[in-house]
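Colleague: Below is the structure, and that's it, no one-letter string:
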C-alpha cells in the first residue's frame, strides 16, 4: 500500500464518518435517554423491566424502592420515552419502550451483573 492509497482511504473514512454524525435532534434524544442510566434507582427499575412488563407494585417489591421515589423515577423514564405505560383497571404497567434501551440493559447486565449472580 502506498501513501496516496492511505490518504485516499483516510479521505474516504472522513467522508463516511461525517455522514454517521448524529444530527442535533438525535443527539439530544440519545443524551436524554442515556441520562436515565445515571441514576441507581432508574437502573434498578430498568433492570427488572428488561425481563418484560411489570405493574408498579411488582417493580416496588423487586427493587425495594419506596413508592414516592419509584413514582418520581418512573415519571422521568416515561418523559424520556424509555418506558411506556398501560392501564388495566387500577393497575399501571410499565415496559421498556425502545428495543435499543433493552439491548443496552442486556449488555450492562452481562458486563456488570452476570458475574455476581453466577
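Modeller: Perfect, I can see it now. As the structure is a prediction and not an experimental result, all values here were calculated from the model.

Colleague: Would you mind measuring from residue 30 to residue 76?
Modeller: In this view, residue 30 and residue 76 are 16 Å apart by CB to CB, to the nearest Å. Placement of C-beta: from N, CA and C, glycine included.

Colleague: ok, those two, which is more surrounded?
Modeller: Shown here are residue 30 and residue 76; by other CB atoms under 10 Å, residue 76 has more neighbours (17 against 12).

Colleague: Now the helix or strand that one falls within: buried residues?
Modeller: Element membership for residue 76 (DSSP states H and E) is helix 67-79. Residues of helix 67-79 classed as buried: 70, 73, 74, 76, 77 (neighbour count, 16 or more other CB atoms under 10 Å).

Colleague: Likewise for stretch 85-100?
Modeller: Counting neighbours by 16+ other CB under 10 Å, stretch 85-100 gives 93, 94, 96, 97 as buried.

Colleague: Span of it from start to end?
Modeller: This stretch, stretch 85-100, spans 18 Å end to end (CA to CA, to the nearest Å).

Colleague: and residue 92, that's in a strand?
Modeller: Yes: Residue 92 sits within a strand when classified using DSSP: H, G, I helix; E, B strand; the rest coil.

Colleague: contacting residues around the residue nearest to the spatial centre of the chain?
Modeller: With distances taken as CA atoms, centre = their mean, residue 101 lies nearest the centre of the chain, 3.3 Å away. Neighbouring residues of residue 101 by CB atoms under 8 Å, 6 or more residues apart in numbering: 33, 46, 82.

Colleague: same thing with residue 58?
Modeller: Residue 58 neighbours (CB under 8 Å, 6+ apart): residue 48.

Colleague: For the helix or strand containing it, the averaged confidence score.
Modeller: Per DSSP H and E, residue 58 falls inside helix 56-63. Mean per-residue pLDDT for helix 56-63: 97.

Colleague: Got phi/psi on the nearest residue in space to residue 105 that is not next to it in sequence?
Modeller: Of all residues not flanking residue 105 in the chain, residue 50 sits nearest, at 4.3 Å (CB to CB, 6 or more residues apart in numbering). Listed backbone geometry of residue 50 is phi -60, psi -20, with angles given as degrees, to the nearest 10.

Colleague: what's the neighbour count on residue 50?
Modeller: 17.
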